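Undergrad: Provided below are the primary sequence and the corresponding predicted coordinates.
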Amino acid sequence: MPTPSAWASPSPGEPPAWMPVGDPGPFPGDPGVEALVATPSGFLAVLNGDVGMGRPDVRVLTSVNGSAWTPGGLLPGRAGARLQDLALGAAGFVAVGSRPRQAGTLARLVDTCESEPSGDGGATWWSPNGAEWTLRGRGSAFDFGPVLAVTAFGDGFVAVGGKNTGAGVGVSAAWVSPDGRRWTRARGNALRAGAMYDLATIGRTVVAVGRTECLSHVPMAWTSSDGRAWTATQLGPLGTLDVVASGPGGLLAAGWSGDDLAPGAAWRSSDGVGWEPATLPPDVEGVRDIVGLDDRYLLVDDNGLVWSGSGGGDWVLVLRPEAGSVDRVVIGHGIALAIGTGWAAPEEPRPAAVWTLPLDSLP
């Protein structure tokens, strides 16, 4: 299998030289890392894996330096589970995702325009230290469907999920926790305005992004001061918002424009309420991840390349793997850490790939 490698920088104007990690350890490269956070002592990643015979499994890995990784604590109730997101707050770690509902209680919970309905319910896990986990959010409050995103907010957490009804209309659910252990589901008309996909915070406001129904695809944003009461805003006539991050000057969100000839689109906002079009890097048709720094954003495009910029027209390519593709980026401990997959022969599992770069090397 090919060894992950980074783009070299022998001449001015080329991307900086990231440090490739040839063997990151127990990472399953395919399907790979779902969420990643910096911790006080290093980094923590959650992964969706497979225990064989098509049975899903989830794993936790930890690293001190982003290069060497070791297995972390096991998540209880993980059989058949899928993780979607991870957050670190004052009360500890929260992982969110889905678990199969009990036999005989399957329901038509999620009906997208592209796939079959799913009977999975939502779930959350909490850990005080990233090593010892307990299953917390479950039961009737999470029958809505998978929890897609979570963020630390104040001393607690806010989580959201979005789905389509049988008619293809987007609806959302939001949950609030003061400590990652006790969860309350929010209510309100704004949650019926569309499907929430991702979350970010700006000041004392939490912002969710998504879209209306799957046929009309109108981009949406929601704001809340407490995670319980939400206000919905339509951003444009057509499109979706898939990811959002807080960074220099406010929020940057990206998704689909509604135009298949120029599918990539981005918007930015200083408060989550008023939005204006932003600029994506050249020829970028989709975005996998956005991370905000004090003075810029790092953006992972749908080809697994990493860009640096402010959301205007100043994007600079900073990582172009020679033998791999980036899925997630996180900032911590003076480095940018990129995790993805390397290339493999047809029908072979793709190896994991990890790259690191000192932050002071970013252009």
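TA: Yes, it's here. Computed from a predicted model, the values in this text were never measured in an experiment. Residues are numbered from 1 along each chain as shown.
Undergrad: contacts for stretch 57-69?
TA: Identification of contacts with stretch 57-69 by C-beta atoms under 8 Å, 6 or more residues apart in numbering yields 19, 21, 24-28, 39, 41-51, 70-75, 78-79, 81-83, 95, 97, 130-131, 133, 333, 335, 337, 354, 356. Backbone N, C-alpha and C define where each C-beta goes, glycine included.
Undergrad: and it, what's buried?
TA: 57-63, 66-67, 69 (16 or more other C-beta atoms under 10 Å).
Undergrad: ends of that stretch, what's the gap?
TA: This stretch, stretch 57-69, spans 18 Å end to end (C-alpha to C-alpha, to the nearest Å).
Undergrad: also stretch 186-197?
TA: End-to-end distance of stretch 186-197 (C-alpha to C-alpha): 16 Å.
Undergrad: mind listing what's buried in that stretch?
TA: Buried, per 16+ other C-beta under 10 Å, within stretch 186-197: 186, 188, 190-191, 193-197.
Undergrad: now swap in stretch 207-215 and tell me
TA: 207-214.
Undergrad: closest to residue 174 out of the residues you listed?
TA: Closest approach between the buried residues of stretch 207-215 and residue 174, by C-beta to C-beta: residue 208, at 7.4 Å.
Undergrad: how far away is residue 153 from residue 205?
TA: Distance, residue 153 to residue 205, using C-beta to C-beta, to the nearest Å: 9 Å.
Undergrad: more crowded one of these two?
TA: Between residue 153 and residue 205, counted using other C-beta atoms under 10 Å, the more crowded position is residue 153 (22 against 17).
Undergrad: show me where pLDDT drops low in the stretch 201-350 of the chain?
TA: Along the stretch 201-350 of the chain, the parts satisfying pLDDT under 70 run over 214-216, 349.
Undergrad: go again with 90.
TA: Along the stretch 201-350 of the chain, the parts satisfying pLDDT under 90 run over 211-218, 236-240, 248-249, 258-262, 310-313, 321-324, 340-350.
Undergrad: where exactly do the strands run in it?
TA: 205-211, 219-224, 231-234, 240-247, 250-256, 264-269, 275-278, 287-292, 297-301, 306-309, 316-319, 324-332, 335-342 (DSSP state E, counting those that start in this stretch).
Undergrad: the ones you listed: which one's closest to residue 146?
TA: Residue 146 lies closest to strand 205-211 among the strands of the stretch 201-350 of the chain, at 13.6 Å (C-beta to C-beta).
Undergrad: spit out the contact partners of residue 242.
TA: Counting by C-beta under 8 Å, 6+ apart, residue 242 makes contact with 197-198, 209, 254-256, 286-287.
Undergrad: hmm, which of the residues you listed are the buried ones?
TA: Buried among the contacts of residue 242 by 16+ other C-beta under 10 Å: 197-198, 209, 254-256, 286-287.
Undergrad: how about the residues you listed, which pair is most distant?
TA: The widest separation within the buried ones among the contacts of residue 242 (C-beta to C-beta) is 14.6 Å, between 209 and 286.
Undergrad: and the helices in the stretch 1-150 of the chain?
TA: Taking DSSP state H, counting those that start in this stretch, the stretch 1-150 of the chain contains no helices at all.
Undergrad: low-confidence stretches in the stretch 51-200 of the chain?
TA: Judged by pLDDT under 90, the stretches of the stretch 51-200 of the chain that qualify are 51-61, 66-82, 98-121, 137-146, 162-171, 192-195.
Undergrad: any of the contacts of stretch 57-69 buried? List them.
TA: By neighbour count, with 16+ other C-beta under 10 Å, those hold 21, 24, 27-28, 39, 42-49, 72-73, 75, 78, 81-83, 95, 97, 130, 133, 333, 335, 337, 354, 356 as buried.
Undergrad: which one of the contacts of residue 242 is nearest to residue 345?
TA: Among the contacts of residue 242, and counting by C-beta to C-beta, the member closest to residue 345 is residue 286, at 26.0 Å.
Undergrad: once you drop chain neighbours, what's closest to the closest one?
TA: With C-beta to C-beta, 6 or more residues apart in numbering as the criterion, residue 286 has its nearest non-adjacent residue at 3.4 Å, and that residue is residue 302.
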